[in-house]
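Participant: Just to be clear, the model below is a prediction. Sequence and coordinates:
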Amino acid sequence: MPRPHLERGAIMVKVFISHRWAEGEHDFARDLKKKLESYEDITVLLDEYEMLPGDSIKDWMDDAIQKGCDVFLFVLSPHSLQSENCLYELDLALQTGLPIIPVFIRDCEIPENLRGILFADFRENLDLPFYLVNRLVRGIRRQAERFQQNRPQTHIDDSAGKSVKITQDAPPSEITGKDGARMVLIPAGEFQMGSDDGEENEKPVHPVYLDAFYMDVYEVTNAQYALFLNEYWKNPAMAERELLKINSSYCLIERSGHIYKPKAGYENHPVIEVSWYGAAAYAQFYGKRLPTEAQWEKAARGKLEGRKYPCGDDIDSTKANYNHDESRGVKDVLKHLKPVGNFPANGYGLYDMAGNVREWCADEYHSGYYSRGEWDNPKGPGHIIIFKNDDFTKVNTSSLRVMRGGSWYNIHYYLRAARREWYTITNHGVGFRCSQDITP
């Protein structure tokens, strides 16, 4: 019988359904398979249809989950949470980095490693109504597209008369931005954002999924920013928004007419006295963006999830530039601000993610934002900036924007990876670095 005409997705998707063979749950899984496969772009792996007598159950699960599917559906019930096979499959999917969609069919406790992921709820609709199945399909397609974009793809080339498997290269681990800055790849995946030991605005700790992206290895320097200004100053946006407080005694860039240059000896120091607009203008000009708050925190943690600082649970003056809280006058800035890259890099190879200067993020600040529990590439509350067509200039001057990382004059508490700060205008402790999408 031909499948009904339903909207087809952009890619072919293989879905694995993990469930317990108990009390009607297998019937639900079998019916769900039929509903999902009525969409021409979806194929479902279900053990009774795939396994043959004599097959090893464990080997089949390993192959199907690690090599054969794009999305993992976990049927949630008290029975599945007590099933050794179901829990093994879930653990394998987590280790493999598969997108996981929980499917509720009976009341039960949500496993800790699935909290924060929006589930499909069929508890009152075991007959699988179309509107719920269609919503699930949209979620499957979205997660599959992201997963396939972030793993190597294979193709068959038979031009030589035989099949040869060709593997498409994964995104390079390091690139050079249009501004000449080194950027490293921050891989796709989930991390735990926030802290339960810090301020109220850092709570609760919650899971966040981010697509892969690139991050500047170093903070933007005076030399880089002066070059940008020399190429950009005629842009109308510059007249509308103050990009750099050039007349400030703290500013380490000077101007003669329309020519900008770093003050002697400070070429490789991080640029300061930059407004959020100034950071955003630089990012857009070079086809980049300011990192979202979530991107910044994941990058800062440097693979050390749950630790206080980018370097671990302890920090001292050999690991970051901080704790120089004197009069904060011009002499103190010149004395204590350090060139970029003067301290050890974190686990991703990023320098100065703690201390030296605080860094602007793209997001609007809201103290209770984490309570929303946004999981999928969160971009903050309020209007989202995409850093195209000067959209950053439309942000109101009264808007609070997020800053991260702490500064040369802060104590260690302000250097924690989860620490959130905010500001509306420039001061002598604010700089920035850029991020970039895999496909800008």
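Facilitator: Nice, thanks for sending it over.
Participant: Please enumerate the helices of the protein.
Facilitator: 25-36, 47-50, 57-66, 84-96, 130-149, 222-232, 236-240, 276-285, 293-301, 330-336 (DSSP state H).
Participant: And the average pLDDT for the fourth one is what?
Facilitator: What it means is helix 84-96. In this model, helix 84-96 carries a mean pLDDT of 87.
Participant: ok, residues contacting it?
Facilitator: 16, 18-20, 57-58, 61-62, 65-66, 72, 74-75, 80-81, 100, 111, 113 (C-beta atoms under 8 Å, 6 or more residues apart in numbering). Heads up, the C-betas are built off the backbone N, CA and C, glycines and all.
Participant: tilt between it and helix 57-66?
Facilitator: 40 degrees (axes from the mean of the first three to the mean of the last three C-alpha atoms, to 10 degrees).
Participant: how distant is helix 84-96 from the center of its chain?
Facilitator: 24 Å (C-alpha atoms, centre = their mean, to the nearest Å).
Participant: got the CA coordinates for that helix in CSV?
Facilitator: Extracted C-alpha coordinates of helix 84-96, given in CSV (Å, rounded to 0.1, in the frame of the first residue of the first chain):
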residue,chain,number,x,y,z
GLU,A,84,18.8,-3.4,31.8
ASN,A,85,18.7,-3.4,28.0
CYS,A,86,16.9,0.0,27.8
LEU,A,87,19.3,1.6,30.2
TYR,A,88,22.2,0.1,28.3
GLU,A,89,20.9,1.5,25.1
LEU,A,90,20.3,5.0,26.6
ASP,A,91,23.9,5.0,28.0
LEU,A,92,25.3,4.0,24.6
ALA,A,93,23.3,6.8,22.9
LEU,A,94,24.7,9.3,25.4
GLN,A,95,28.2,8.1,24.9
THR,A,96,27.8,8.2,21.1
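Participant: For residue 105, list the residues it contacts.
Facilitator: Residue 105 neighbours (C-beta under 8 Å, 6+ apart): 25, 28, 75, 76, 77, 122, 123, 126.
Participant: How much space separates it from residue 195?
Facilitator: 35 Å (C-beta to C-beta, to the nearest Å).
Participant: export the helices of the chain to TSV and tack on mean neighbour count and distance to residue 317?
Facilitator: Output for the helices of the chain, formatted as TSV (neighbours: other C-beta atoms under 10 Å; distance: least, C-beta to C-beta, whole Å):
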stretch	mean neighbour count	distance to residue 317
helix 25-36	18	57
helix 47-50	13	58
helix 57-66	16	45
helix 84-96	16	38
helix 130-149	17	41
helix 222-232	20	24
helix 236-240	12	38
helix 276-285	25	27
helix 293-301	25	19
helix 330-336	15	11
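Participant: Include distance to residue 208 when you put the ones you listed into CSV, please.
Facilitator: Shown next, in CSV, are the helices of the chain (distance: least, C-beta to C-beta, whole Å):
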stretch, distance to residue 208
helix 25-36, 27
helix 47-50, 32
helix 57-66, 23
helix 84-96, 15
helix 130-149, 14
helix 222-232, 30
helix 236-240, 31
helix 276-285, 21
helix 293-301, 5
helix 330-336, 34
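Participant: Looking at those helices, which is nearest to residue 353?
Facilitator: Among the helices of the chain, the nearest to residue 353 by C-beta to C-beta is helix 293-301 (4.2 Å).
Participant: Would you mind writing the CA trace of that closest one as PDB?
Facilitator: Once non-C-alpha atoms are left out, helix 293-301 reads as follows in PDB (Å, rounded to 0.1, in the frame of the first residue of the first chain):
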ATOM      1  CA  GLU A 293      26.500  33.600  26.700                       C
ATOM      2  CA  ALA A 294      26.200  29.800  26.400                       C
ATOM      3  CA  GLN A 295      28.900  29.600  23.800                       C
ATOM      4  CA  TRP A 296      31.200  31.700  25.900                       C
ATOM      5  CA  GLU A 297      30.700  29.500  29.000                       C
ATOM      6  CA  LYS A 298      31.100  26.200  27.200                       C
ATOM      7  CA  ALA A 299      34.300  27.600  25.600                       C
ATOM      8  CA  ALA A 300      35.600  28.900  28.900                       C
ATOM      9  CA  ARG A 301      35.100  25.600  30.700                       C
END
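Participant: What are the contacting residues of that helix?
Facilitator: 186, 191, 193, 208, 210, 213, 215, 291, 307, 310, 346-348, 350, 353-354, 359, 361-363, 377-380, 402, 404-405, 417-418, 420, 435.
Participant: Buried only: go through those for me.
Facilitator: Buried subset of those (neighbour count, 16 or more other C-beta atoms under 10 Å): 186, 191, 193, 208, 210, 213, 215, 291, 307, 310, 346, 348, 350, 353-354, 359, 361-363, 378-380, 402, 404-405, 417-418, 420, 435.
Participant: In strands, which of the residues you listed appear?
Facilitator: Of those, the ones assigned to strands by DSSP state E are 186, 191, 193, 208, 210, 213, 215, 359, 361-363, 402, 404, 435.
Participant: dump the residue contacts of residue 101.
Facilitator: So residue 101 contacts 71, 72, 73, 74, 117, 119, 120, 136, 139, 140, 143 (C-beta under 8 Å, 6+ apart).
Participant: Rank the residues you listed by pLDDT and give me only the lowest.
Facilitator: For those, the pLDDT minimum is residue 117, 85.
Participant: I'd assumed residue 373 was in contact with that one.
Facilitator: No - counting by C-beta atoms under 8 Å, residue 117 does not reach residue 373; the two are 9.8 Å apart.
Participant: Settle it for me: which of the two has more neighbours?
Facilitator: residue 117 (19 against 15; other C-beta atoms under 10 Å).
Participant: check contacts around that one.
Facilitator: By C-beta under 8 Å, 6+ apart, the neighbours of residue 117 are 100, 101, 102, 207, 375.
Participant: Surely the fourth one and residue 194 touch.
Facilitator: No - here residue 207 does not reach residue 194: they are 9.9 Å apart, not a contact under C-beta under 8 Å.
Participant: gap between residue 71 and residue 119?
Facilitator: Counting by C-beta to C-beta - residue 71 and residue 119 are separated by 14 Å.
Participant: wait, I meant residue 35
Facilitator: 17 Å.
Participant: now residue 267
Facilitator: Residue 267 is 53 Å from residue 119, by C-beta to C-beta.
Participant: Much appreciated, bye for now.
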